[in-house]
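Novice: Would you be able to build a 3D model of this:
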Amino acid sequence: MAGHPKERVVTDEVHQNQILRELYLKELRTQKLYTQYHVNPLRKVHRITRKPMSWHDNLDEPADARFLNLIHHAAQGPRKKYPEAQTENQEIGWDSEPLVDPERSDHRMNHFRVYNDITLYKAKMWSLGEDDRHK
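Specialist: Sure thing, here's the model as predicted:
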């Protein structure tokens, strides 16, 4: 049987009509006509912004002090909002002041690069590429 081609099933018009009728009746049973519409409470509603040049949208409204304080508080940095770090990531760099006051005149902590004649000559050689000079 594996070598035989598939035989085409011939369906008659009456059988096809009966299948279509059953499908149609099933659709009629499951369909429901909605006439009352409402907003889905589970979806967020996006507000449409006002038009900037509209005169009736730009009437003076009283400022809400609580809302303004909330917005200003949210715009501040975390170090101004909270007395201590709130997350583990904030702990890194929370205390950014150095433990020791950096004095530039203290030579124990500051090792500035000093150029003399020889060091200036050698620095110039390295900037030009000392490896190229020996080849």
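Novice: pLDDT at the nearest residue to Gln86 once chain neighbours are set aside, what is it?
Specialist: Excluding the flanking residues, the one nearest Gln86 by CB to CB, 6 or more residues apart in numbering is Pro78, at 7.0 Å. Glycine gets a C-beta too; all of them are placed from N, C-alpha and C. What the model reports for Pro78 is a pLDDT of 86.
Novice: Could you give the number of residues near Pro78?
Specialist: 11 (other CB atoms under 10 Å).
Novice: residues contacting Val100?
Specialist: When contacts are counted by CB atoms under 8 Å, 6 or more residues apart in numbering, Val100 touches Met109.
Novice: now do 10 Å
Specialist: Listed by CB atoms under 10 Å, 6 or more residues apart in numbering, the contact partners of Val100 are 106, 109.
Novice: if we can go back for a sec, the residue nearest to Gln86 and Arg21: what is the separation?
Specialist: From Pro78 over to Arg21 the distance is 69 Å, taken as CB to CB, to the nearest Å.
Novice: what do you get for Thr30?
Specialist: 15 Å.
Novice: Who has more neighbours out of those two?
Specialist: Using other CB under 10 Å as the criterion, Thr30 and Arg21 rank with Arg21 on top: 10 against 7.
Novice: mind checking which helix or strand the more buried one is in?
Specialist: helix 13-30 (DSSP states H and E).
Novice: Quick check: what element follows that helix along the chain?
Specialist: For helix 13-30, the following helix or strand on the C-terminal side (DSSP H and E) is helix 65-75.
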